[in-house]
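Structural data only, the sequence is not supplied:
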């Protein structure tokens, strides 16, 4: 559609679609549903969280296949059916019972159907359009995850309070269908033949990079994967428990959800800030700075202090979460190039997605056995320190930004 030819519409559409990606839908509504579901069907929080741990490995296994689909068919052809299937799988969560088999099957189906609507698909599309401003473009697009984290849990809390948790899952499925499907239809695309001719520098960059099998033998790939694995274990283990933890301390569902929503707002700012920073400063150092934030935030939660300390903790953890996927997508493009970007980022994000249930499971076990989250929080502090140390030896980028005025001028012609 000619009205949406400007490349920044791709960023806009990606931001809207990411509001209903796996993070906001699978991870951050989990904490809102947690108490209502477990008390209604009479199972432990750790038991319920174990379904996330088990089925997130499905997301991990699907990462390379998703990358192959993106490299072969493009983002739009993956996102459109992905939105429909993920919406259906989300609505089917309304059929959860106390049977572990039913819980695991529904979570497994949701994890498998949600793979297409992951940040990998949107980062793939955005990276095809940007080089010099890639960090900012990715940050703005991926800020949609933070926006979803700030809005979607509040919507779910409202639906649970007024209609029950089963209806809330159905309503959430409808939201996924609308916000995931329409942006993919209207905005998401890669440069066509004419635009590649106008942007020869960017077209050349898209063909530059390491082969997928070479990257899998690189220590940098596994170092980055481990660092982001540890980071998301700590962040999800903390943020997914905010609502239940604060309600245990006497807060209402609405007030506790407000703090979780605040982490989503912070994630938006964190995404944009991390994108701006990596365009100007060395990415691994930016990553260390963002990983220090949840160290402080987790200490605020562990202290047991009342407001505003939990709010500050949510803001710091949310900002770090906002920066994490943006940093991952950017560093993959700079250390390994764009030639096999879909498969490489898909695989790393698969490892990342496979770890998203680890933190909630650890936190759930910590609460079930010790009636406290402090032991889990102590473990997360250690994990974040190790992640920071991993970033230090990564070194310079093999595929740095191309500083060419002609490219910028050509990009403006396409945007006009």
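Received the coordinates, thanks. Fair warning: this is a prediction, and the values are worked out from it, not measured in the lab.

ranges for the strands of the protein?
Ranges of strands in the chain, per DSSP state E: none exist.

quick one: low-confidence parts of it?
Scanning the chain for pLDDT under 70 picks out 1-4, 53-56, 192-207, 402-416.

Tell me how far residue 367 lies from residue 244.
8 Å (C-beta to C-beta, to the nearest Å). The way it works is simple: take the backbone N, C-alpha and C, and place the C-beta from them, glycine included.

list residues touching both of the two?
Common contacts of residue 367 and residue 244, defined by C-beta atoms under 8 Å, 6 or more residues apart in numbering, comprise residue 45.

wait, what's in contact with residue 385?
By C-beta under 8 Å, 6+ apart, the neighbours of residue 385 are residue 295.

cool, and residue 209?
Applying C-beta under 8 Å, 6+ apart to residue 209 gives the contacts 336-341, 399.

Could you identify the pair within those that is furthest apart?
The span of the contacts of residue 209, defined through C-beta to C-beta, is set by 340 and 399 at 12.1 Å.

Between the two, which is the more surrounded one?
A side-by-side neighbour count of residue 340 and residue 399, using other C-beta atoms under 10 Å, places residue 340 first with 21 against 17.

got a list of what the more buried one touches?
67, 71, 209-212, 215.

Backbone dihedrals for it, both of them.
For residue 340, the backbone dihedrals are phi -120, psi 40 (criterion: degrees, to the nearest 10).

Show me where the stretch 101-250 of the chain has its helices.
Taking DSSP state H, counting those that start in this stretch as the test, the helices found in the stretch 101-250 of the chain are 119-127, 134-163, 165-186, 193-198, 200-206, 212-215, 219-239, 242-248.

and the angle from the longest one to helix 219-239?
Our comparison of helix 134-163 with helix 219-239, counting by axes from the mean of the first three to the mean of the last three C-alpha atoms, to 10 degrees, yields an angle of 30 degrees.

What is helix 134-163 packed up against?
If you count contacts as 3 or more C-beta pairs under 8 Å, 6 or more residues apart in numbering; DSSP states H and E, helix 134-163 packs onto helix 8-18, helix 30-41, helix 119-127, helix 165-186, helix 253-278, helix 309-336.

What of the first one?
The contact analysis (3+ C-beta pairs under 8 Å, 6+ apart) places helix 119-127 against helix 8-18, helix 45-73, helix 75-91, helix 134-163, helix 309-336, helix 341-354.

Apply 6 Å and report the result again.
helix 8-18, helix 75-91, helix 134-163, helix 309-336, helix 341-354 (3 or more C-beta pairs under 6 Å, 6 or more residues apart in numbering; DSSP states H and E).

Of those helices, give the one that comes closest to residue 27.
Nearest to residue 27 among the helices and strands packed on helix 119-127 is helix 134-163; the distance by C-beta to C-beta comes to 8.4 Å.

Am I right that residue 57 is in contact with residue 353?
No. Assessed by C-beta atoms under 6 Å, residue 57 is found out of contact with residue 353, at 8.8 Å.

between these two, which one's more packed in?
residue 353 (30 against 16).

Nearest spatial neighbour of the more buried one, chain-adjacent residues omitted?
Among residues not flanking residue 353 along the chain, residue 59 sits closest, at 3.7 Å (C-beta to C-beta, 6 or more residues apart in numbering).

That neighbour: what's it in contact with?
111, 115, 353 (C-beta atoms under 6 Å, 6 or more residues apart in numbering).

Quick one: closest of the helices of the stretch 101-250 of the chain to residue 394.
Of all these, helix 219-239 comes closest under C-beta to C-beta, at 6.0 Å.

List the buried residues for the closest one?
Buried residues in helix 219-239, defined by neighbour count with 16 or more other C-beta atoms under 10 Å: 220-225, 227-239.

which residues are in contact with it?
Residues contacting helix 219-239 (C-beta under 6 Å, 6+ apart): 27, 215, 263, 291, 294, 298, 317, 321, 324, 328, 335, 348, 351-352, 355-356, 358-360, 362-363, 376, 380, 383-384, 386-387, 390-391, 394.
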